[in-house]
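K.L.:
just a sequence and a predicted model for now, questions to come.
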Amino acid sequence: MIAGILKEKNGETRVSLTPEIVKQLQQMSVTVWVEQGAGAQAFYNDDAYMQAGAQIKTAAEILSQSDIIFTLQPPPRELAAQIPAGKVILGVLQPLFRPEEVEYWAAQQITALSLDAIPRTTRAQVMDVLSSQANIAGYKAVLLAAYTYSRYFPMFMTAAGSIAPAKVLILGAGVAGLQAIATARRLGAVVEVFDTRPAVKEEVMSLGARFVEVDGAADASSAGGYAVEQSADYQQKQQAKIAESIAKADIVITTAQIPGKKAPVLVTQPMLDQMRSGAVIIDMAAATGGNTALTRNNETVLYQGVTIIGNSNLAASMPADASKLYAKNVFNFLKLILTKEGNLQLNFEDDIVKGACITHNGEIVHERLKSAKPAASI
């Protein structure tokens with residue numbers, strides 16, 4: 001079997017597989033082809049791949065001859081058009097936000113495996129690309145905020161006077177939020193946290209942050225670890241609580257997303273009007289609309305002295321480690337679909353393989369995409 005690694009497009013700095021994982025695949029009788037320069041921006045050069053046993057090929061060769069194609073971001077249409085029927089693509093394909101591409105993959109008879117669709121179960125933790133990348137993003141969000149903020153994070157007491165610690169507000173205590181809490185606390189900030197899931201309160205407090213509770217949240221226990229939409233009454237109470245905290249905050253980090261839907265606007269324009277001049281917001285939900293009323297994806301907005309940075313791809317700002325962790329997630333998933341002889345074998349009796357599969361044999365097979373209208377493309 002031939003596995004091909006494509007060079008990412010549109011400014012993506014990560015690479016799907018590292019030389020370390022390529023070497024392990026070689027030992028499993030898998031032939032690996034790598035597009036020239038695929039790992040360069042993640043500091044894995046072509047020589048490292050060749051030393052691991054890979055062959056350097058053109059994109060055209062990889063697209064036309066590979067049995068499985070690794071591309072972290074969904075392949076552009078002009079590349080997908082070159083993939084023969086029956087071949088497999090594997091990556092973070094974001095199918096809920098790309099219904100047209102999903103239909104195209106099905107029409108092209110491409111089998112699409114999307115690692116962001118894997119069920120978030122205990123068994124699947126070693127393949128959870130969302131968590132491995134969110135952990136990096138949460139860490140980097142705080143460093144970006146500290147770099148942008150015009151004051152200190154920790155408290156300082158000097159002969160010239162005292163400096164109060166920065167007040168950090170984190171909206172969402174998933175993997176990214178929890179790492180952001182830990183990083184902000186290490187830098188000496190005072191941290192408050194909102195989340196719709198009361199179950200995370202203990203984790204938040206164990207990291208030294210204050211958990212701000214809002215009564216009446218919808219039960220998210222059956223959502224597989226994801227947030228769920230809340231009632232209008234809850235949202236009103238939530239916004240009132242956030243407004244109280246945000247007026248005192250120096251740094252706000254927002255992480256709230258709902259799979260397949262536009263990100264909820266948690267920070268309204270009136271809230272922004274109440275913020276301190278010099279405050280910084282890092283909006284990690286920017287790619288799906290953003291958690292603030294003024295967020296623009298991949299842009300920095302200055303509003304009445306408040307800096308709003310929209311960036312949903314912070315993991316790519318640490319491409320070496322991000323690629324290393326992602327590649328390990330991929331390898332753990334590959335163990336489920338490779339035989340001892342190194343051939344592909346898609347076992348749809350396995351809930352993880354079934355959950356990851358979006359299209360197969362010319363059809364859209366993912367249950368959520370079949371049973372509900374796809375979300376609007378973003």
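P.N.:
Thanks, I have the structure now. Numbering: from 1, shown residues only.

K.L.:
and what about Glu203, helix, strand or coil?
P.N.:
Here Glu203 is helix, with the state taken from DSSP: H, G, I helix; E, B strand; the rest coil.

K.L.:
that one contacts Gly174, correct?
P.N.:
No. Judged on Cβ atoms under 8 Å, Glu203 makes no contact with Gly174 at a distance of 10.3 Å. (Glycine included, C-beta is placed from N, CA and C.)

K.L.:
those two: which has the busier surroundings?
P.N.:
Gly174 (23 against 16; other Cβ atoms under 10 Å).

K.L.:
and for the more buried one, nearest residue in space, chain neighbours not counted?
P.N.:
Leaving aside its sequence neighbours, Gly174 sits nearest to Thr255 (Cβ to Cβ, 6 or more residues apart in numbering; 6.1 Å).

K.L.:
any stretches of the chain with poor pLDDT?
P.N.:
217-229, 371-378 (pLDDT under 70).

K.L.:
and the nearest residue to Ala48 once chain neighbours are set aside, how far is that from Gly362?
P.N.:
Nearest-residue entry for Ala48: Pro19, 4.3 Å, with adjacent residues in sequence omitted and distances by Cβ to Cβ, 6+ apart. In this view, Pro19 and Gly362 are 35 Å apart by Cβ to Cβ, to the nearest Å.

K.L.:
look at these two and report which has more neighbours.
P.N.:
Taking neighbours as other Cβ under 10 Å, Pro19 and Gly362 compare with Pro19 leading, 23 against 15.

K.L.:
quick one, phi psi at that one?
P.N.:
phi -60, psi -30 (degrees, to the nearest 10).

K.L.:
distance of it relative to Leu115?
P.N.:
From Pro19 to Leu115 the distance is 20 Å (Cβ to Cβ).

K.L.:
do Ala279 as well
P.N.:
Between Ala279 and Leu115 the computed distance is 35 Å (Cβ to Cβ).

K.L.:
out of the two, which sits in the more crowded spot?
P.N.:
Applying other Cβ under 10 Å to Ala279 and Leu115 shows that Ala279 carries more neighbours, namely 26 against 22.

K.L.:
show me the contacts for the closest residue to that one other than its chain neighbours.
P.N.:
Of all residues not flanking Ala279 in the chain, Val306 sits nearest, at 4.9 Å (Cβ to Cβ, 6+ apart). Residues near Val306 by Cβ atoms under 8 Å, 6 or more residues apart in numbering: Leu272, Met275, Arg276, Ser277, Gly278, Ala279, Val280, Ile281.

K.L.:
from those residues, which ones fall inside strands?
P.N.:
Taking DSSP state E as the definition of strands, the contacts of Val306 contribute Val280, Ile281.

K.L.:
contacting residues for the nearest residue to Asn291 once chain neighbours are set aside?
P.N.:
Leaving aside its chain neighbours, Asn291 sits nearest to Thr254 (3.6 Å; criterion: Cβ to Cβ, 6+ apart). Residues in contact with Thr254, defined by Cβ under 8 Å, 6+ apart, are 170-172, 266-267, 281-285, 290-292.

K.L.:
and Thr254, backbone torsions?
P.N.:
Torsion angles, degrees, to the nearest 10, at Thr254: phi -110, psi 130.

K.L.:
that one bridge partners, please.
P.N.:
Counting by DSSP bridges, Thr254 is bridged to Leu171, Asp283.

K.L.:
with Leu314 as the reference, measure out to it.
P.N.:
For Thr254, the distance to Leu314 equals 12 Å [Cβ to Cβ].

K.L.:
mind listing the shared neighbours of these two?
P.N.:
Met284.

K.L.:
quick check: buried residues in stretch 286-302?
P.N.:
Neighbour-count burial for stretch 286-302, counted by 16 or more other Cβ atoms under 10 Å, picks out Ala286, Ala287, Thr288, Gly289, Gly290, Asn291, Thr292, Leu294, Thr295, Asn297, Val301.

K.L.:
residues in contact with that stretch?
P.N.:
Here stretch 286-302 makes contact (Cβ under 8 Å, 6+ apart) with 97, 171, 254-257, 261-269, 272, 281, 283, 285, 303, 307-313, 378.

K.L.:
what about these, which are in helices?
P.N.:
Gln269, Leu272 (DSSP state H).

K.L.:
now, of the contacts of stretch 286-302, which are buried?
P.N.:
For the contacts of stretch 286-302, buried by 16+ other Cβ under 10 Å: 97, 171, 254-257, 261, 263-268, 272, 281, 283, 285, 307-313.

K.L.:
the residues you listed in strands, which ones?
P.N.:
Going by DSSP E, the strands hold Leu171, Thr254, Ile281, Asp283, Thr307, Ile308, Ile309, Gly310 from the buried ones among the contacts of stretch 286-302.

K.L.:
between the residues you listed, which sits nearest Ser66?
P.N.:
Closest to Ser66 out of those is Gly310 (34.8 Å), distances taken as Cβ to Cβ.

K.L.:
state the distance from the closest one to His360.
P.N.:
For Gly310, the distance to His360 - Cβ to Cβ - is 35 Å.

K.L.:
if we can go back for a sec, against Leu325, how distant is the residue nearest to Asn291?
P.N.:
23 Å.
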